[in-house]
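> Sequence first, predicted model second:
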Amino acid sequence: MKNFVLMLVFVWGSSLALGDVLIKDARLVKDNGETGDVRDLHIKDGRIVEIGVNLKGTEETVIFDAMERAVTAGLIDSATTIGLAEVSGLGVSYDGEVSGDDMAAGFQVALALNPASTLIPLASNDGITRGIVVPEPGDSNFAGQSASVRFVQGRNFLQREDNGLHLYLRERDRRYAGGSRARALSLAVDALEEAGRFDRQREAFDSNELRPFAIGLDDLETLLRVRSGAMPLVVHVDRAADIRNVVDAFTAFPDLRLILAGAAEAWKVTESLLAHDIPVLINGLDNLPQNFDRLGARLDQAYLLSSAGVRFALMSGSPYSEFRSLTQAAGVAVANGLAWEQALLAITAVPAEIWGLEGLGKIDRGAKADLVIWSGDPLEVSSAPIAVMVEGGWVNLETRQDRLAKRYLEVLNLETKD
């Protein structure tokens, strides 16, 4: 068997499914980075095939020693723009919204993703192995469809192109509906009703015997998938009153799968969310009352949702101001009452469940081998990944910033010698 010391892992390239790998002495964390059973993980063809003590491989098995460090499933960020943008504030580098169109349901951000983005390794350096790349509203409350991605550079970046349809109904989004939030919600419901009419009269539509729709064919097809439950509807909304109206409006469609995002005041309406099993995506650090919709924002929302039994996951939102915030938000949630294990689940298993990402977010036999080996407690800001694996392949953690620092340090050294 081939033996390698763990500390050398990061020099490997970012290829998926290396083959036969055995990680020795991995601490499967329980309630912090120093507790949990120490086990060996046997990985083959991108999946965990065996978990145990003193596992043996074959002559072809590559062994890595985790040295009893904390090992978690790869983290999942439920809202990011990595792959759509490079430089914050530079509009030409962003391709995640549609302007001049009052209906963008058919828009897919997947078609604009850059698998060579320099921001991808930054996600890996925070232990994030998967992300949901979301669109932003341009001139429509329906902003388009998100994509799920693997945080590895290259052709394996995109995982799924139609992850969910995003509808924005926050305070500032009412401008897309003539300045009225009531009108914005009404138009969204009307669009779903139109999709139902389209489905019932598809033959007449195809033969041009049906009165024209105000919505394009791509948008109708997308809305129809949402109505049927084939794709979730992700509604970005904050105010408790609006959340109640959204739940009442969209639960009228029996097959529709609803997810709330942002939801600063979701803690006020937990009974309704629990009754309809509606999951919530929250930014655990975003607790400022920035507008009238967010007067009830608070840092202990994760604890309140968990106590009520509402499923929730943490999201970052921006790759510029929010890096290292996913684990930090989980740690802040623990500081405000949430159990450590629940906080870890909110960035691993729960988002995988909400988004339907099969085999992710957990360390089990048969699960995909998305793994992170940490220097300490994963939820401590002083901890960092030592090594990251995506589907059995070690990810190169070197960033563009690392390469630039090395390049100019070498130049500086030469100038100093001269």
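Great, that's in hand. Since the structure is predicted, the reported quantities are computational estimates derived from the model, not experimental observations.

> make it CA atoms for all contacts and neighbour counts henceforth
Will do.

> In stretch 371-383, which residues are buried?
Within stretch 371-383, the residues that count as buried by 16 or more other Cα atoms under 10 Å are Leu371, Val372, Ile373, Trp374, Ser375, Gly376, Asp377, Pro378, Leu379, Glu380.

> can you give me the mean pLDDT across the strand or helix carrying the third one?
Ile373 is part of strand 371-374 when elements are defined by DSSP states H and E. Taken as a whole, strand 371-374 carries a mean pLDDT of 97.

> cool, stretch 309-316 as well?
Across stretch 309-316, pLDDT averages out at 95.

> can I get the buried residues of stretch 371-383 in a markdown table with distance to Tyr168?
Listed next are the buried residues of stretch 371-383 as a markdown table, based on distance: Cα to Cα, whole Å:
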| residue | distance to Tyr168 |
| --- | --- |
| Leu371 | 33 |
| Val372 | 33 |
| Ile373 | 37 |
| Trp374 | 36 |
| Ser375 | 39 |
| Gly376 | 38 |
| Asp377 | 36 |
| Pro378 | 32 |
| Leu379 | 30 |
| Glu380 | 33 |
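
> Low-confidence ranges, this protein, go.
1-18, 87-93, 205-211, 318-324, 412, 414-418 (pLDDT under 70).

> try 80 this time
By pLDDT under 80, the weakly predicted segments of the chain are 1-18, 85-94, 202-214, 317-324, 410-418.

> Which secondary structure state does the residue most central in space within the chain sit in?
Against the mean C-alpha coordinate of the chain, by Cα atoms, centre = their mean, the closest residue is Ser78 at 2.4 Å. Three-state assignment for Ser78 (DSSP: H, G, I helix; E, B strand; the rest coil): strand.

> Phe64 now?
Criterion first, three-state DSSP; result for Phe64: strand.

> and the gap between it and Glu358?
26 Å (Cα to Cα, to the nearest Å).

> Can you pick out the residue with more neighbours from these two?
Phe64 (22 against 10; other Cα atoms under 10 Å).

> element containing the closest residue in space to the more buried one that isn't next to it in sequence, please.
Leaving aside its sequence neighbours, Phe64 sits nearest to Ile23 (Cα to Cα, 6 or more residues apart in numbering; 4.8 Å). Per DSSP H and E, Ile23 falls inside strand 20-29.

> Report the distance from that strand to the chain centre.
For strand 20-29, the separation from the chain centroid amounts to 25 Å (computed by Cα atoms, centre = their mean, to the nearest Å).

> Output it as PDB - backbone C-alpha positions only.
Provided in PDB are the C-alpha atoms of strand 20-29 (Å, rounded to 0.1, in the frame of the first residue of the first chain):
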ATOM      1  CA  ASP A  20      -8.900   3.600  -3.800                       C
ATOM      2  CA  VAL A  21      -8.200   5.700  -0.700                       C
ATOM      3  CA  LEU A  22      -7.900   4.900   3.000                       C
ATOM      4  CA  ILE A  23      -8.100   7.700   5.500                       C
ATOM      5  CA  LYS A  24      -6.700   6.400   8.800                       C
ATOM      6  CA  ASP A  25      -7.600   7.700  12.300                       C
ATOM      7  CA  ALA A  26     -10.300  10.200  11.300                       C
ATOM      8  CA  ARG A  27     -12.200  11.800  14.300                       C
ATOM      9  CA  LEU A  28     -15.900  11.800  13.400                       C
ATOM     10  CA  VAL A  29     -16.900  14.800  15.400                       C
END
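
> ok, and what's touching that strand?
34-45, 54, 57, 60-72, 392 (Cα atoms under 8 Å, 6 or more residues apart in numbering).

> quick one: the strands in the stretch 201-350 of the chain?
233-237, 258-262, 280-282, 312-314 (DSSP state E, counting those that start in this stretch).

> Quickly compare these and say which is most buried.
Highest mean neighbour count of these: strand 312-314, a mean of 29 (counted as mean count of other Cα atoms under 10 Å).

> Tell me which other helices or strands it touches.
Here strand 312-314 touches strand 75-80, strand 280-282, helix 301-308, helix 325-335, helix 349-355, going by 3 or more Cα pairs under 8 Å, 6 or more residues apart in numbering; DSSP states H and E.

> still on that earlier bit, how many other residues sit next to the residue nearest to Phe64?
With other Cα under 10 Å as criterion, Ile23 counts 19.

> Please report how far it lies from Asp101.
Taking Cα to Cα as the measure, Ile23 falls 51 Å from Asp101.

> go on, Asp300?
Distance from Asp300 to Asp101, by Cα to Cα: 38 Å.

> which one of these two has more residues nearby?
Taking neighbours as other Cα under 10 Å, Asp300 and Asp101 compare with Asp300 leading, 19 against 11.

> how near is that one to Gln328?
Counting by Cα to Cα, the gap from Asp300 to Gln328 is 14 Å.

> so Val310 makes contact with Ala275?
No: at 9.3 Å, Val310 does not count as touching Ala275 under the criterion of Cα atoms under 8 Å.

> Double-check Ala384 against Pro378; I have them as touching.
Yes: at 7.2 Å, Ala384 counts as touching Pro378 under the criterion of Cα under 8 Å.

> Now do the end-to-end distance for stretch 152-163.
End-to-end for stretch 152-163, by Cα to Cα: 18 Å.

> Show me what the helix or strand hosting Leu192 is in contact with.
Following DSSP H and E, one finds Leu192 within helix 181-200. If you take Cα under 8 Å, 6+ apart as the criterion, helix 181-200 is touched by 141-142, 169, 171, 173-174, 176-177, 205, 213, 215, 220-221, 223-224, 227, 246, 249-250.

> for stretch 166-174, same thing?
Applying Cα under 8 Å, 6+ apart, the contact partners of stretch 166-174 are 105, 134-135, 137, 141-146, 180-181, 183-185, 233-239, 291-293.

> Return the set of buried residues in that stretch.
By 16+ other Cα under 10 Å, the buried positions in stretch 166-174 come out as His166, Leu167, Tyr168, Leu169, Arg170, Glu171, Asp173, Arg174.

> Understood, closing this out.
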